[in-house]
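Q: Okay, sequence plus prediction incoming.
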Amino acid sequence: MRIVMKFGGSSLASSSRIDNAARLIAARREGGDEVVAVVSAQGDCTDELLEKSRQVSAHPAPRELDALLSSGEQIAMALVALRLQELNCPAVSLAGWQAGICTDSRHGAARITGVDTGRILAELKKGRVVVAAGFQGIDPEGDITTIGRGGSDTSAVALAAALQADLCQIYTDVSGVYSADPHLVQEAVRHDEISYDEMLEMSTLGAQVLHNRSVLLARDCGVRLEVRNSFQPECGTRVGGERCVSAVSGVTCDSDVAMMTVTGVDDGAATCRLFSALARSGVSIDVIIRSPGTAEKRGVVSFSLGGDSIHRARAALEEHRGEIGYNCLLVEPEMAKVSAVGAGMQGSCGVASRMLEALREANIEPRYITTGEIRISVVLPRPQAAEAVRRVHAAFFGA
């Protein structure tokens, strides 16, 4: 069997944890498998490198920042390979460019465009474990790029797809995919399996266990995906199985949300100019609520965005104020989005009413409500988010 095993930063945060990961890898090879291990930077290494960049530059150039941040994964890959060799397990470490991971040139948020598997296959043929750096690749100019936060998950799935691996395992500090964050909801239920679509929706809406791009890639390429606990590896969840039989499979929370409300946007053309200005500035929008203008009242557009996009969005709208023609901009920065997700919603009635009733009983009034095919989301003040998750979870899974 050919297997890709990805280890996150928490699974490699100390020498003892590196030893634990190395023993899991070595055990698979001793069992006769060909193994490619993909590693993230240790612990808080990426944040520490970002802080180092700020000590010397107020506005680091994206190319140089990628060169700096990619070193975190390269340290981790070398340490894991060294430990494997100490365990008499032949291993070689490969940076993203050595592993053949090709990307576009968007530094800090690059997309994988292809994988040249030649070097990895040659090393596997020699009987070695390949320890590859996640989160990084190389662009057409030969420059190092990074794939953005959560990019190591995407690196692992991309390698699994290119290598036609039989299995891709994501090792983390939780025992699989739960009905809610188990650190927040003690009664959260672990799923033995969950569909790609449910996992994709949960990841997009705030579940931290998998990056949404990795789930999308796994679904599109048919990669067999598992989430396992580095410290209790017998526990896990298979992603790509049957959908949850209940209406709701999980409750998620994205606590880094802001809302913007723009008044004086009176017609569709002005609305298009507004969102075009945001798109050109790279601002991603989620919830949109529009009230067209009338003879008595100016039009209003409200939308949600990531908290880290507030300054870019404000600057874009102020720059194009004359073109858009709005008269007032209101920003609500400390918001959160709580969502109930489940493919079973498509054939169930009353999911929204149960969710809203649970919030009402807790005196939580959502500011905005939005729905999709397999999810219902509410936007509310951030201080209410944790209690909202617990109440909604209890409504569908019991206390």
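A: In hand now; what should we look at? Numbers count the residues shown, from 1 in each chain.

Q: what's the spacing between the helix or strand where V80 lies and its chain's center?
A: In the assignment (DSSP states H and E), V80 maps to helix 62-86. Using Cα atoms, centre = their mean, to the nearest Å, the distance from the centre of helix 62-86 to the centre of the chain it belongs to is 21 Å.

Q: Please apply the same query to stretch 29-46.
A: Relative to the centre of its chain, stretch 29-46 is centred 19 Å away, using Cα atoms, centre = their mean.

Q: end-to-end on that stretch?
A: Terminal residues of stretch 29-46 are spaced 30 Å apart (Cα to Cα, to the nearest Å).

Q: Please point out which parts of that stretch sit buried.
A: Of the residues in stretch 29-46, those with enough neighbours to count as buried (16 or more other Cβ atoms under 10 Å) are 29, 33-43, 45-46. In this view, the C-beta of every residue, glycine as well, is placed from N, C-alpha and C.

Q: any chance of the residues you listed in TSV, with pLDDT too?
A: Below are the buried residues of stretch 29-46 laid out as TSV (pLDDT from 0 to 100):
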residue	pLDDT
R29	96
D33	96
E34	98
V35	98
V36	98
A37	98
V38	98
V39	98
S40	96
A41	95
Q42	95
G43	92
C45	93
T46	91
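
Q: Just to be sure, which of the residues you listed are found in helices?
A: R29, C45, T46 (DSSP state H).

Q: which residue packs closest to the second one, ignoring adjacent ones?
A: Same thing as C45. G72 (4.1 Å; Cβ to Cβ, 6 or more residues apart in numbering).

Q: what about the residue nearest to G307 when sequence neighbours are not counted, neighbour count?
A: Of all residues not flanking G307 in the chain, D256 sits nearest, at 4.2 Å (Cβ to Cβ, 6+ apart). Here the neighbour count serves as a burial measure; for D256 (other Cβ atoms under 10 Å) it reads 16.

Q: D256 and H320, how far apart?
A: Noted for D256: a distance of 25 Å to H320, by Cβ to Cβ, to the nearest Å.

Q: swap in A76?
A: Counting by Cβ to Cβ - A76 and H320 are separated by 43 Å.

Q: Leaving out sequence neighbours, find the closest residue to the spatially most central residue of the chain.
A: The centroid of the chain falls nearest to H211 when counting by Cα atoms, centre = their mean (2.7 Å). The shortest distance from H211 to any residue other than its chain neighbours is 3.0 Å, reached at G150 (Cβ to Cβ, 6+ apart).

Q: shaky segments in the stretch 251-399 of the chain?
A: In the predicted model of the stretch 251-399 of the chain, residues 293-297, 346-348, 399 satisfy pLDDT under 70.

Q: can you pull out the strands in it?
A: Using DSSP state E, counting those that start in this stretch, the strands assigned to the stretch 251-399 of the chain run over residues 285-291, 300-306, 328-341, 368-371, 375-381.

Q: so how many other residues sit close to the closest residue to F275 other than its chain neighbours?
A: With Cβ to Cβ, 6+ apart as the criterion, F275 has its nearest non-adjacent residue at 6.7 Å, and that residue is I285. Neighbourhood size, I285 [other Cβ under 10 Å]: 16.

Q: quick one, what contacts I285?
A: Contacts were defined as Cβ atoms under 8 Å, 6 or more residues apart in numbering; by that measure I285 touches F275, L278, F303, S304, L305.

Q: Name the member of these with the most neighbours.
A: Greatest neighbour count in those, by other Cβ under 10 Å, goes to S304: 24 neighbours.

Q: Correct me if wrong: it contacts V287.
A: Yes. Contact between S304 and V287 holds when scored by Cβ atoms under 8 Å: they sit 4.2 Å apart.

Q: Which residues are in contact with each of these two?
A: When contacts are counted by Cβ under 8 Å, 6+ apart, S304 and V287 have M259, K337, Y368, V379 as shared neighbours.

Q: How much space separates the residue nearest to F275 from I376?
A: I285 sits 19 Å away from I376, going by Cβ to Cβ.

Q: repeat for I289
A: Shown here: I289 relative to I376, a distance of 15 Å by Cβ to Cβ.

Q: of these two, who's got more company?
A: A side-by-side neighbour count of I289 and I376, using other Cβ under 10 Å, places I376 first with 21 against 16.

Q: Bridged to that one, which residues?
A: A340, T371 (DSSP bridges).

Q: How about G114?
A: Under the criterion used here (DSSP bridges), G114 is bridged to C102.

Q: Spit out the contact partners of W97.
A: Applying Cβ under 8 Å, 6+ apart, one finds that W97 lies in contact with Q136, G137, I138, I144.

Q: Could you check how far it is from A132?
A: Applying Cβ to Cβ, the value for W97 to A132 is 11 Å.

Q: What of E318?
A: Applying Cβ to Cβ, one obtains 44 Å for the distance of E318 from A132.

Q: Between the two, which is the more surrounded one?
A: Shown here are E318 and A132; by other Cβ under 10 Å, A132 has more neighbours (29 against 10).

Q: Just confirm the more buried one contacts M77, I think it does.
A: Yes. Using Cβ under 8 Å, A132 is in contact with M77, at 6.6 Å.

Q: Now do the shared contacts for these two.
A: Residues within reach of A132 and of M77 at once, by Cβ under 8 Å, 6+ apart, are V39, S93, L94, A95.
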